[in-house]
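Enquirer: one predicted model, sequence on top.
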Amino acid sequence: MISVNGATLQEIETMRITHLSSLPEFQDLYLELQIPHADAVILSHCGTIIGYAITKGGVMLEFFVKETFGSDINFHFPEIVKTCNVERILVQSFDQVLMKCCSRMNSYHEVGLIYRDFTQVTIPGDPDLSFRLATLQDLPFLQMQEDEVFEPKDMISTAIEKSEIVLCLNGEMILGCGFITRIHPLWAYYDIGVWVSPEFRLRGYAARILSWLKETCVNNCWIPVCGCGVENIGSQRTIEKNGFISNHRLLSFDVGHHDNLTSRTTRHP
């Protein structure tokens, strides 16, 4: 029997560091951004702490068990899922422990592509383009953009203050911007992304902005990584044009009826 007790993120921090360090690839930004607003629980067996889980609104975002208990976790996983009222589980395909635990779920589908490998491909620069960090004076322009990359709007100023938004300009005209976000303060992995103003799209600016972000990371000894939705073909082309390679996926497993788990899956990652 596994006991599940509510905890703070601070109380599981040491185990989280162990978990993130053990993954063969680093955490995806999409998941990491949800962690501060999620609920954590500590998992115990016979009075001994064996791991933790993080959930948000019925979605399991993260799961960890210590190696000493790893061989028994498959048997107890349905019990944990039921106790935590989990309806869906987001799994990075390189997370072998969670993938194995979810192997008996009814079905899953691919949510996103995770890019962790890249070549030295470079995009030719454009002498008419310049780049600078966004400032609070640019806030009105950024807040007026109707695009999900700027949501929530109240976080744009924080991103500016953290030097996470870079503007791409032709003269004084803003063509688009790049996002460069450190995923976790203890590791030098930086998620990079691009937005181009609608009137300037399909002209190659997205690829040039991403190339600039990638080169900036490499020059600073940071590790650039990317991710995008499986249906976002335009982003996939831009990312792969810059030499990034996706060998991993973000998967969504449907829990279904906890007492009727089967070994059937819809597709292989």
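Expert: In hand now; what should we look at? Numbering: from 1, shown residues only.
Enquirer: SS state for residue 94?
Expert: In three-state terms, and counting by DSSP: H, G, I helix; E, B strand; the rest coil, residue 94 is coil.
Enquirer: tell me which stretches of the stretch 51-200 of the chain form strands.
Expert: Taking DSSP state E, counting those that start in this stretch to define them, one finds strands in the stretch 51-200 of the chain at 59-65, 88-92, 107-118, 129-133, 165-170, 173-182, 189-196.
Enquirer: how about the contacts made by the closest residue in space to residue 38 that isn't next to it in sequence?
Expert: Here the nearest residue to residue 38 in space, its sequence neighbours aside, is residue 56; by C-beta to C-beta, 6 or more residues apart in numbering that works out to 3.9 Å. Bear in mind the C-beta positions are built from the backbone N, C-alpha and C, glycine included. By C-beta atoms under 8 Å, 6 or more residues apart in numbering, the contact list for residue 56 reads 34, 37-39.
Enquirer: again, but for residue 1
Expert: So residue 1 contacts 45, 79 (C-beta under 8 Å, 6+ apart).
Enquirer: and residue 176, by the same measure?
Expert: Residue 176 neighbours (C-beta under 8 Å, 6+ apart): 167-168, 194-197, 200, 205-206, 209.
Enquirer: what would the residues you listed look like in TSV with pLDDT and distance to residue 153?
Expert: As requested, the contacts of residue 176 are exported to TSV (pLDDT from 0 to 100; distance: C-beta to C-beta, whole Å):
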residue	pLDDT	distance to residue 153
167	98	17
168	98	21
194	97	19
195	97	14
196	97	19
197	96	17
200	96	22
205	97	23
206	97	22
209	97	21
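Enquirer: what two of these are the furthest from one another?
Expert: 167 and 206 (13.9 Å; C-beta to C-beta).
Enquirer: these two - which one has more neighbours?
Expert: Taking other C-beta atoms under 10 Å, residue 167 and residue 206 do not tie; residue 206 has more neighbours (27 against 19).
Enquirer: may I ask you to confirm that the more buried one belongs to a strand?
Expert: No - Residue 206 is assigned helix when assessed by three-state DSSP, not a strand.
Enquirer: thought residue 197 was touching it, still the case?
Expert: No - between residue 206 and residue 197 there is no contact under C-beta atoms under 8 Å: 10.7 Å.
Enquirer: now tell me which helix or strand of this protein has the poorest mean pLDDT.
Expert: One helix or strand of the chain scores below all others by mean pLDDT, DSSP states H and E: helix 73-83, with a mean of 90.
Enquirer: in that one, which residues are buried?
Expert: Of the residues in helix 73-83, 73, 76-78, 80-81 count as buried by neighbour count, 16 or more other C-beta atoms under 10 Å.
Enquirer: which among the residues you listed gets closest to residue 147?
Expert: residue 81 (34.9 Å).
Enquirer: can you tell me how far that closest one sits from residue 71?
Expert: According to C-beta to C-beta, to the nearest Å, residue 81 stands 19 Å off from residue 71.
Enquirer: again, but for residue 204
Expert: Using C-beta to C-beta, residue 204 is found at 52 Å from residue 71.
Enquirer: ok, residue 251 next?
Expert: Distance of residue 251 to residue 71, given as C-beta to C-beta: 23 Å.
Enquirer: more neighbours, these two?
Expert: Between residue 251 and residue 71, counted using other C-beta under 10 Å, the more crowded position is residue 251 (23 against 9).
Enquirer: name the element that one belongs to?
Expert: strand 244-254 (DSSP states H and E).
Enquirer: tell me what angle that strand forms with strand 59-65.
Expert: Angle of strand 244-254 versus strand 59-65, following axes from the mean of the first three to the mean of the last three C-alpha atoms, to 10 degrees, is 100 degrees.
Enquirer: I'd like the numbering to begin with 3 instead of 1 from here.
Expert: With the count now opening at 3, the last piece we talked about shows up as strand 246-256.
Enquirer: direction included, what does strand 246-256 pair against?
Expert: Looking at strand 246-256 with DSSP bridges, its partner strands are strand 90-94 (antiparallel), strand 109-120 (antiparallel).
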